[in-house]
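S.K.: Generate a structure from the sequence data that follows.
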Amino acid sequence: MGEKAEYKSAIRSRRLIRQAFVDLMREKALEKITVTDIVTRADVNRGTFYAHYQDTRAVIEQIENEIIEKMLEFLGEFRYKNFFQNPLPLLLKISRWLEEDLEFYRILINSSGAEQFLVKLKKNFVEYLWNDSDTPEHIKKSPEFFILINFFAGGITNLYQVWFRGEMDCSLNEICLEISKVIVSNSALFCE
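M.R.: Down below sits the predicted model:
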């Protein structure tokens, strides 16, 4: 029984720390958030913070890793041909997930460390399509495929970034529809 309570306590502490961090991101620049800010807001002691995280960067890295894991989980549900022939279901699924906490993702994307995260996200997307997907080897070896997946990953990432910065006057669904059209019209070679 004691182990279960300890486990729940650890989960609760990480949740409080993460929520405090997210709340603070709404108020100040990422690089200005301190451990003291977090523990004060989360109402936990410094020892609790350091039991779970090395520093404030470790908190954001955990959040980033969770987002990347979720994206890879979504990608894993689609076969490569399905993605290139009809990426709309995947894109809509990602958009619905983002809409669950739009304000958080808007803050994350607009934070000072966002560029580094977006590069990491794009890299993971490309690596998945290159290494972990069910894409046939003869297609993976073509330079066109390498160019195409980098183009798509960079373009999709950039469009979401621009949308979260408020530079596009359209819905996430409209973005999904347009991205889907571009992918389908440019990937016939890989769907044979």
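S.K.: which residues in this structure form helices?
M.R.: 2-25, 35-42, 46-52, 56-76, 80-85, 88-99, 102-110, 114-127, 137-140, 143-164, 172-186 (DSSP state H).
S.K.: Okay, domains of this structure per the record?
M.R.: Per automatic domain parsing, the structural domains of the chain span 2-53, 63-190.
S.K.: would you turn these into CSV with mean pLDDT and mean neighbour count?
M.R.: Heads up, the C-betas are built off the backbone N, CA and C, glycines and all. Below are those laid out as CSV (pLDDT from 0 to 100; neighbours: other Cβ atoms under 10 Å):
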stretch, mean pLDDT, mean neighbour count
domain 2-53, 87, 15
domain 63-190, 86, 15
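S.K.: Dihedrals phi and psi, Ser142?
M.R.: Taking degrees, to the nearest 10, you get phi -80, psi 140 for the backbone angles of Ser142.
S.K.: Distance check, the residue positioned nearest the centre of the chain against Ser112.
M.R.: Centroid check for the chain by Cα atoms, centre = their mean gives Ile67 as the closest residue, at 3.6 Å. When Cβ to Cβ, to the nearest Å is the yardstick, Ile67 and Ser112 sit 17 Å from each other.
S.K.: do the same with Asp169
M.R.: For Asp169, the distance to Ser112 - Cβ to Cβ - is 25 Å.
S.K.: cool, Asn150 as well?
M.R.: Relative to Ser112, Asn150 is positioned 25 Å away (Cβ to Cβ).
S.K.: With just CA atoms, put stretch 17-26 into CSV.
M.R.: Provided in CSV are the C-alpha atoms of stretch 17-26 (Å, rounded to 0.1, in the frame of the first residue of the first chain):
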residue,chain,number,x,y,z
ILE,A,17,5.5,21.1,-11.2
ARG,A,18,4.5,20.8,-14.8
GLN,A,19,1.3,22.9,-14.3
ALA,A,20,3.2,25.6,-12.4
PHE,A,21,5.8,25.7,-15.2
VAL,A,22,3.1,26.0,-17.9
ASP,A,23,1.3,28.8,-15.9
LEU,A,24,4.6,30.6,-15.5
MET,A,25,5.3,30.3,-19.3
ARG,A,26,2.1,32.4,-19.7
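S.K.: so how far is that stretch off the chain centroid?
M.R.: Computed by Cα atoms, centre = their mean, to the nearest Å, the chain-centroid distance of stretch 17-26 equals 17 Å.
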